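*Asks:* what's the 3D shape of this:
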Amino acid sequence: MPNYQKTKRACYMGFITQAIAANFAPLLFLKFHHDYQITLGKIALISTCFFLTQLLVDLFCAKFVDKIGYRICIVASEVCSAAGLVGLAFMPDLLPEPFVGIILSVIVYAVGSGLIEVLCSPIVEACPFDNKEATMSLLHSFYCWGAVGTIVISTLFFAVFGMDNWKWLAVLWALVPAINIYNFATCPIEHFVDEGQGMGIKELFRKSFFWLSICLMICSGASELAMAQWASAYAEAALGLSKTIGDLAGPCMFAVTMGISRVIFGKYGAKMDLMKFMTGSGILCVICYLLASVSSNPITGLIGCIICGFSVGIMWPGTISISSERFPAGGTAMFALLAMAGDLGGSIGPGIVGRVTQSAGDNIRAGMGVGLLFPVTLLIMLFIFARQKDHK
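*Replies:* Numbers count the residues shown, from 1 in each chain. Here you go, the predicted structure:
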């Protein structure tokens, strides 16, 4: 029997790699600003390039991954991730313009991150595991634990060795995808559907049910990242905490509770109704956004930010699971388009909150109030989804 547990472990490390890629560079933004005299306006482009590259990779995967092959692409994801992280340590000093070196490195590891995001889910879905919904939730929890580990370990490293040694840490983080190259090169990998039998992009978009899935993923990404991206700023603004403590109290604790949610469903999912769990999580998410936006007690508001992580934990993997059940022949195109929709929501959600916060005179509570629209819309989509499913 093929050792599918090895496949699962490789995908776990893949999501940890993605978490490193997404969360390490933002910890260095001010360091880049001071050491390389890069303006904050340019610094903001780093995250934009990261997510834009992921979106382009999602589109690429929808069209070409089945032709290239899963193994080649998933091994390439780890190669790109390792190369980009090492490049981040050296490219800014090797090129005449440090900012160009940073952007090139970010684009390289964002290609790896995008491939991981699209491919790990169908690779695990294709393995003969029992209770696929719970397995998918547990898989996605490793992104959360990777984010927690990246923030905590990096913070401790900087405290002990100083921020000036950040390049060594970048190389150390690159060891994670470097090791995982071997895992993906040798583990058994099955195809989600037979070669050439997967649904195409046009065929998927002709299904009204799939459009609901796309809307759910956009709302899921927006609900998650609108809070996650602004949790640190909320902790600093509402409680007057330092940047380091704000990162630990905000985005780090958000990732912890999100991971707990996914582990709970991963462990007990066989006894739970996924749609009911997602609906309950959506209601809790609305409450959390309300606490963050209208509570006069800053501690209560911070608790809302933290618990919001738990409420959004099931949304992304849950949407993938119900879409996989509805479209068993969806193939790579389905996973790629869902990932693209999630990334789109993750891009516009924080942007809307930030724009409203600025327009309200840097009032972050006002921004969180507008963010309430994302989980409310998600609940409406879930209601329509359930009605459509009942009619099938």
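
*Asks:* same question for the helix of greatest length in the chain, mean pLDDT?
*Replies:* Secondary structure assigned by DSSP state H gives helix 208-239 as the longest helix of the chain. Confidence over helix 208-239, taken as the mean pLDDT, stands at 82.

*Asks:* what's the answer for stretch 287-302, then?
*Replies:* Throughout stretch 287-302, pLDDT has a mean value of 84.

*Asks:* how long is that stretch from one end to the other?
*Replies:* End-to-end span of stretch 287-302 (C-alpha to C-alpha, to the nearest Å): 13 Å.

*Asks:* Now tell me what touches it from outside.
*Replies:* 227, 234-235, 238-239, 249-250, 303-305, 307-308, 311, 365-366, 368-369, 371-372, 374-375 (C-beta atoms under 8 Å, 6 or more residues apart in numbering). For glycine as for every other residue, the C-beta is placed from the backbone atoms N, C-alpha and C.

*Asks:* Please check these and keep the buried ones.
*Replies:* 227, 234-235, 238, 249-250, 303-305, 307-308, 311, 365-366, 368-369, 371-372, 374-375 (16 or more other C-beta atoms under 10 Å).

*Asks:* which residues in the stretch 51-200 of the chain form helices?
*Replies:* Counting by DSSP state H, counting those that start in this stretch, the stretch 51-200 of the chain has helices at residues 70-94, 98-126, 132-161, 166-186.

*Asks:* Of those helices, which is nearest residue 9?
*Replies:* Each of the helices of the stretch 51-200 of the chain was scored for nearness to residue 9 using C-beta to C-beta, and the closest is helix 166-186 (6.8 Å).

*Asks:* ok, now which ones touch residue 386?
*Replies:* For residue 386, the set of contacting residues under the criterion of C-beta under 8 Å, 6+ apart consists of 275, 279.

*Asks:* Would you mind measuring from it to residue 338?
*Replies:* For residue 386, the distance to residue 338 under the criterion C-beta to C-beta, to the nearest Å works out to 18 Å.

*Asks:* Averaging pLDDT per element, find the lowest-scoring helix or strand in the chain.
*Replies:* One helix or strand of the chain scores below all others by mean pLDDT, DSSP states H and E: helix 243-247, with a mean of 68.

*Asks:* Quick one: list the elements packing against the helix or strand following it.
*Replies:* Where DSSP states H and E defines the elements, the next helix or strand beyond helix 243-247 is helix 253-268. Packed against helix 253-268 by the contact rule (3 or more C-beta pairs under 8 Å, 6 or more residues apart in numbering; DSSP states H and E) you find helix 132-161, helix 208-239, helix 274-294, helix 298-312.

*Asks:* got the ones you listed as a markdown table, with distance to residue 190 columns?
*Replies:* Putting the helices and strands packed on helix 253-268 into a markdown table (distance: least, C-beta to C-beta, whole Å) gives the following:
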| stretch | distance to residue 190 |
| --- | --- |
| helix 132-161 | 13 |
| helix 208-239 | 23 |
| helix 274-294 | 23 |
| helix 298-312 | 30 |
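
*Asks:* Would you mind saying which of those lies nearest residue 382?
*Replies:* Minimum separation from residue 382 across the helices and strands packed on helix 253-268 (C-beta to C-beta) falls at helix 274-294, 5.5 Å.

*Asks:* that older thread, do you know which of the helices and strands packed on helix 253-268 lies nearest residue 56?
*Replies:* helix 208-239 (16.3 Å).

*Asks:* If you drop the residues flanking it in sequence, what lies closest to residue 370?
*Replies:* Using C-beta to C-beta, 6 or more residues apart in numbering and skipping residues adjacent in sequence, the residue nearest residue 370 is residue 356, 4.5 Å away.

*Asks:* How many residues are close by the one you found?
*Replies:* Residues within reach of residue 356, counting by other C-beta atoms under 10 Å, total 17.

*Asks:* So for the helix or strand hosting it, what gets flagged as buried?
*Replies:* Taking DSSP H and E as the definition, residue 356 sits inside helix 331-359. Using 16+ other C-beta under 10 Å as the burial criterion, the residues of helix 331-359 that qualify are 331-350, 352-354, 356-357.
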